[in-house]
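Enquirer: One predicted model, sequence on top.
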Amino acid sequence: MTTSSSTIESTLIENRVFPPPESLARTARIAGMEAYHALCAEAEKDYEGFWARLAREHLQWTRPFTRTLDATNAPFYQWFADGELNASANCLDKHMGTPTENKTALIFEADDGSVTRVSYKELLARVSQFANALKALGVNKGDRVLIYMPMSIEGVVAMQACARIGATHSVVFGGFSAKAVHERIIDAGAVAVITANYQMRGGKELPLKSIIDEALAMGGCECVRNVLVYQRTATPCAMVAGRDKTFAEVLAGQGSDCAPVSVGAEHPLFVLYTSGSTGKPKGVQHSTGGYLLWAKATMDWTFDLRPEDVFWCTADIGWITGHTYVAYGPLAAGATQIVFEGVPTYPNAARFWQMIERHKCSIFYTAPTAIRSLIKAADTDAAVHPARFDLSSLRILGSVGEPINPEAWMWYYKNVGGERCPIVDTFWQTETGGHVITPLPGATPLVPGSCTLPLPGIMAAIVDEVGNDIPNGVGGILVIKRPWPSMIRTIWGDPERFKKSYFPEELKGYYLAGDGAVRSADRGYFRITGRIDDVLNVSGHRMGTMEIESALVAKTDLVAEAAVVGRPDDVTGEAICAFVVLKRPLPKGEEAHQIANELRNWVAKEIGPIAKPKDIRFGENLPKTRSGKIMRRLLRSIARGEAITQDTSTLENPAILEQLSQSN
Ligand code: ATP
Ligand code: MG
């Protein structure tokens with residue numbers, strides 16, 4: 001990527017360093033950097049032995065494995081392949097007869113603020129009953145079940161019930177269109193769909209079941225025999241006789257005991273379609289053993305989970321974060337966790353802070369997009385500022401999904417964490433199954449905007465386009481050099497695409513993450529600079545879009561959010577275009593012109609004149625995926641003045657494209 005041409009050293013070099021709080025450095029599961037390095041050394045010395053030890057410690061096997069890694073058909077790696085286990089048993093049954101059985105597993109807070117609690121014992125009974133209902137409908141081990149549910153206890157129950165009988169679930173976020181659902185039903189060959197009549201978001205009742213009806217009516221979905229409908233609200237929905245049944249109907253008469261089905265470690269626990277920031281969604285297939293191992297181990301390591309913690313991951317179960325850190329990891333670790341149905345801005349932008357206070361949340365894990373929107377809200381309305389709430393229960397904060405700009409990091413650290421809570425900026429992907437590069441709260445000195453160091457056993461590195469290592473301080477492409485247990489197994493139904501996307505020939509068999517990164521010269525810390533496609537080349541200087549975006553967002557009096565893309569330019573090769581959301585109403589005419597100039601000069605001062613955006617466009621928002629990530633590929637088309645022909649099925653707010661196209 002950056003070996004030949006000159007590289008701009010970011011002037012955003014971060015000198016702020018935050019050591020772990022003293023108490024955590026003493027008591028955490030991985031306490032201090034020496035403990036971290038010792039684990040890394042163990043993995044270096046005996047890679048398979050390291051993973052085998054963890055797999056025995058963190059999981060209960062119905063049949064112990066004898067082989068750890070099988071690389072004979074690389075890159076289709078197999079882990080613990082002759083071992084057998086059940087994921088649901090490892091999340092629920094294993095706690096029975098221990099003090100955890102009567103502990104609260106889920107604290108569900110609905111959109112309207114009502115709260116329901118479920119203990120581990122009750123959750124096991126509900127999962128078992130639902131599993132019996134699925135079996136009665138003829139759903140078998142290996143069948144695929146599409147889940148299109150709101151955030152709910154029932155959503156978690158549905159996923160766990162599939163796991164219990166060995167059915168492979170494919171959760172689709174309940175904001176996707178009928179077309180997107182249709183594509184996924186066909187690709188996965190689902191035999192059943194689990195949905196709800198409606199969902200509640202921000203006080204509004206939004207349809208789910210009618211979208212499933214629409215998707216199934218698009219044709220080619222004969223594979224679907226049953227549609228199970230959870231009555232989330234009292235409003236009736238259309239039901240197709242013979243095909244559709246309510247939860248009440250299918251659960252009636254089913255007992256609350258169901259023996260978990262033992263499956264091979266490589267059995268596909270789920271297929272999850274990626275969010276679509278960069279192209280056509282891929283059905284990422286995960287295993288049972290390796291995946292669950294990492295879901296559990298990272299709960300212990302990254303979040304240093306303690307029995308008394310109240311854990312809250314705000315991600316929807318429709319995303320990988322909601323799989324690993326809502327549906328599986330916290331349960332496997334025996335945590336009490338909050339599950340939230342609504343949105344961070346309803347009834348107002350203090351919702352998260354109120355909920356942390358109300359439930360005495362101690363570990364809070366959210367996304368930069370949410371943090372940025374709450375900063376913007378708190379800046380304009382003191383009543384929703386976190387300072388107004390008692391957040392003293394918090395001890396660890398987390399961030400996931402996108403790089404977090406250093407200024408947003410600082411705000412989160414000061415205003416939410418009270419300068420007391422480490423922030424774990426966890427870098428990972430749908431494909432990695434769990435965290436891969438992240439600080440450890442009791443060990444790693446934190447640097448804002450950096451995901452710091454790989455977890456023990458994860459051989460992450462930065463290389464050039466032929467797989468050679470690149471020195472610290474120089475940007476390159478992020479790879480993982482050795483297979484690890486929770487990695488993607490294949491793209492569902494498309495092994496060729498799997499090989500091409502993640503193990504390109506020129507990269508020496510390394511796993512290609514698709515992100516650019518740089519390691520700091522002093523500490524060797526990783527910083528993600530953006531997707532590989534997002535690297536800009538201006539007059540031979542290579543820059544990550546992230547650097548320029550962070551510089552813009554650092555203009556805290558003006559800028560709420562920014563996205564940067566390149567467009568071809570006759571003179572400079574590529575020109576920088578910035579799309580900016582201001583903390584004030586959309587400027588027009590002369591005012592827009594003036595603000596744009598002010599921002600250009602600001603970037604020139606922060607990074608250098610070469611990084612000055614040529615075009616600056618203002619919008620009330622940016623095009624985002626439904627998981628809240630900026631869709632730069634669409635912005636690239638707008639910047640080039642092209643019509644948008646790409647797949648926009650995962651776009652949250654289509655109207656914004658029009659506004660940005662015109663705002664030139
Ligand atoms: P698609 O692969 O369909 O384009 P996606 O990559 O957005 O979608 P995910 O697997 O949900 O889907 O997201 C993983 C990506 O999110 C990473 O590759 C990286 O670009 C970004 N990311 C996640 N966490 C972090 C983080 N802590 N720091 C920087 N980037 C992050
Ligand atoms: Mg991706």
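Expert: That came in fine, so what should we check first? Numbers count the residues shown, from 1 in each chain. Ligands and ions are numbered 1, 2, ... in the order given.
Enquirer: From here on, just use CA atoms for contacts and neighbour counts.
Expert: Will do.
Enquirer: Quick one: low-confidence residue ranges for this protein.
Expert: Counting by pLDDT under 70, the chain contains low-confidence residues at 1-14, 275-279, 663-664.
Enquirer: Which residue, other than its chain neighbours, is closest to the one residue sitting closest to the centre of it?
Expert: Nearest residue to the geometric centre of the chain (CA atoms, centre = their mean): Thr321, 3.9 Å. The shortest distance from Thr321 to any non-neighbouring residue, by CA to CA, 6 or more residues apart in numbering, is to Ala315 (5.9 Å).
Enquirer: and that neighbour, backbone torsions?
Expert: Main-chain torsions, Ala315, degrees, to the nearest 10: phi -70, psi 150.
Enquirer: Ile656: what secondary structure?
Expert: Recorded secondary structure, Ile656: helix (DSSP: H, G, I helix; E, B strand; the rest coil).
Enquirer: which residue sits closest to it, ignoring its sequence neighbours?
Expert: Closest residue to Ile656 apart from its sequence neighbours, by CA to CA, 6+ apart: Pro623 at 6.2 Å.
Enquirer: residues in contact with the residue nearest to the centre of the chain?
Expert: 313, 315, 430 (CA atoms under 8 Å, 6 or more residues apart in numbering).
Enquirer: For Asp557, grab the count of nearby residues.
Expert: 11 (other CA atoms under 10 Å).
Enquirer: Find the nearest non-adjacent residue to it, please.
Expert: Lys583 (7.5 Å).
Enquirer: and what of Arg519?
Expert: Phe526 (4.4 Å).
Enquirer: Please look at that neighbour and Ala517 and confirm they touch.
Expert: Yes. In this structure, Phe526 is within contact of Ala517 by CA atoms under 8 Å, at 6.5 Å.
Enquirer: Count the residues that sit near the residue nearest to Arg519.
Expert: Phe526, neighbours per other CA under 10 Å, totals 26.
Enquirer: measure it to ligand 1 for me?
Expert: 10 Å (CA to the nearest ligand atom, to the nearest Å).
Enquirer: Now that residue: phi and psi?
Expert: phi -80, psi 140.
Enquirer: List the contacts of it.
Expert: By CA under 8 Å, 6+ apart, the neighbours of Phe526 are 437, 450-453, 517-520.
Enquirer: Turn these into TSV, columns for neighbour count, secondary structure and distance to ligand 1.
Expert: Listed next are the contacts of Phe526 as TSV, based on neighbours: other CA atoms under 10 Å; DSSP: H, G, I helix; E, B strand; the rest coil; distance: CA to the nearest ligand atom, whole Å:
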residue	neighbour count	secondary structure	distance to ligand 1
Ile437	25	strand	8
Ser450	28	coil	8
Cys451	27	coil	6
Thr452	27	strand	10
Leu453	22	coil	11
Ala517	25	strand	9
Val518	25	strand	12
Arg519	23	strand	13
Ser520	19	coil	15
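Enquirer: still on that earlier bit, tell me how many other residues crowd the residue nearest to Asp557.
Expert: Residues lying near Lys583 (other CA under 10 Å) number 18.
Enquirer: Can you name the residues that contact the residue of the stretch 51-200 of the chain found nearest ligand 1?
Expert: Closest contact between the stretch 51-200 of the chain and ligand 1, by CA to the nearest ligand atom, is at Phe173 (11.9 Å). By CA under 8 Å, 6+ apart, Phe173 lies in contact with 148-149, 316-319.
Enquirer: so Phe76 is in which element?
Expert: Assigned by DSSP states H and E, Phe76 belongs to no helix or strand.
Enquirer: can you pull the contacts of the closest residue to it other than its chain neighbours?
Expert: Spatial nearest neighbour of Phe76, excluding adjacent residues (CA to CA, 6+ apart): Arg489 at 6.2 Å. Listed by CA under 8 Å, 6+ apart, the contact set of Arg489 reads 76-78, 284-287.
Enquirer: any idea how far Ile107 is from Ser88?
Expert: According to CA to CA, to the nearest Å, Ser88 stands 19 Å off from Ile107.
Enquirer: likewise Ala136?
Expert: 29 Å.
Enquirer: Asp425 now?
Expert: 25 Å.
Enquirer: And these two? Which one has more around it.
Expert: Counting neighbours by other CA under 10 Å for Asp425 and for Ile107 shows that Asp425 has the greater number, 32 against 21.
Enquirer: The more buried one contacts Val447, doesn't it?
Expert: No. Under the criterion of CA under 8 Å, Asp425 makes no contact with Val447, lying 9.7 Å away.
Enquirer: if we can go back for a sec, could you let me know which of the contacts of Thr321 ends up closest to Pro609?
Expert: Thr430 (36.8 Å; CA to CA).
Enquirer: Quick check: that closest one touching Thr274?
Expert: Yes. The pair Thr430 / Thr274 is scored as a contact, 6.4 Å apart, by CA under 8 Å.
Enquirer: Show me the common contact partners of those two, please.
Expert: Between them, Thr430 and Thr274 share the contacting residues 284, 319, judged by CA under 8 Å, 6+ apart.
Enquirer: Show me which of those two is the more surrounded one.
Expert: Using other CA under 10 Å as the criterion, Thr430 and Thr274 rank with Thr430 on top: 24 against 21.
Enquirer: follow-up on the earlier one: would you verify that the residue of the stretch 51-200 of the chain closest to ligand 1 is located in a helix?
Expert: No. The assignment for Phe173 (three-state DSSP) gives coil, which keeps it out of a helix.
Enquirer: related to what we said a few turns ago, the residue nearest to Ile656 and Lys414: what is the separation?
Expert: Counting by CA to CA, the gap from Pro623 to Lys414 is 29 Å.
Enquirer: Then Ile480?
Expert: Distance from Ile480 to Lys414, by CA to CA: 33 Å.
Enquirer: Compare these two (neighbour count), which wins?
Expert: Ile480 (20 against 15).
Enquirer: Next up, the contacts around the more buried one.
Expert: Applying CA under 8 Å, 6+ apart, the residues contacting Ile480 are 458-461, 510-513.
Enquirer: can you list contacts of the one helix or strand His593 maps to?
Expert: Using DSSP H and E, His593 sits in helix 589-606. Here helix 589-606 makes contact (CA under 8 Å, 6+ apart) with 11-12, 548, 551-552, 555, 609-613, 616, 618.
Enquirer: Then stretch 578-585?
Expert: Here stretch 578-585 has contacts from 376, 557-565, 613-622, 660, using CA under 8 Å, 6+ apart.
Enquirer: and what of stretch 175-187?
Expert: Residues from elsewhere that reach stretch 175-187 (CA under 8 Å, 6+ apart): 146, 172, 211-212, 214-216, 218, 220-221, 273, 492-493, 626, 649-650.
Enquirer: and what of stretch 355-372?
Expert: Contact with stretch 355-372 is made by 303, 309-315, 344, 389-391, 393-404, 408, 412, 560-561, 628-629, as judged by CA under 8 Å, 6+ apart.
Enquirer: quick one: which of the residues you listed sit in strands?
Expert: The members of the contacts of stretch 355-372 that map onto strands under DSSP state E are 310-313, 396-399, 560-561.
Enquirer: ok, and the most crowded of those residues?
Expert: Counting neighbours by other CA under 10 Å, the top entry in the ones in strands among the contacts of stretch 355-372 is Phe311, with 30 neighbours.
Enquirer: Report the contact partners of it.
Expert: 330, 335-338, 361-364.
Enquirer: I'd like the contacts of Phe526 as a markdown table, with distance to Thr298 appended.
Expert: Listed next are these as a markdown table, based on distance: CA to CA, whole Å:
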| residue | distance to Thr298 |
| --- | --- |
| Ile437 | 11 |
| Ser450 | 18 |
| Cys451 | 15 |
| Thr452 | 16 |
| Leu453 | 14 |
| Ala517 | 22 |
| Val518 | 24 |
| Arg519 | 23 |
| Ser520 | 24 |
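Enquirer: for Lys209, phi and psi?
Expert: When quoted as degrees, to the nearest 10, the phi and psi of Lys209 stand at phi -60, psi -40.
Enquirer: Correction: the previous question concerned Thr298.
Expert: According to degrees, to the nearest 10, Thr298 has phi -70, psi -30.
Enquirer: and what of Leu440?
Expert: Per degrees, to the nearest 10, the backbone of Leu440 is at phi -110, psi 130.
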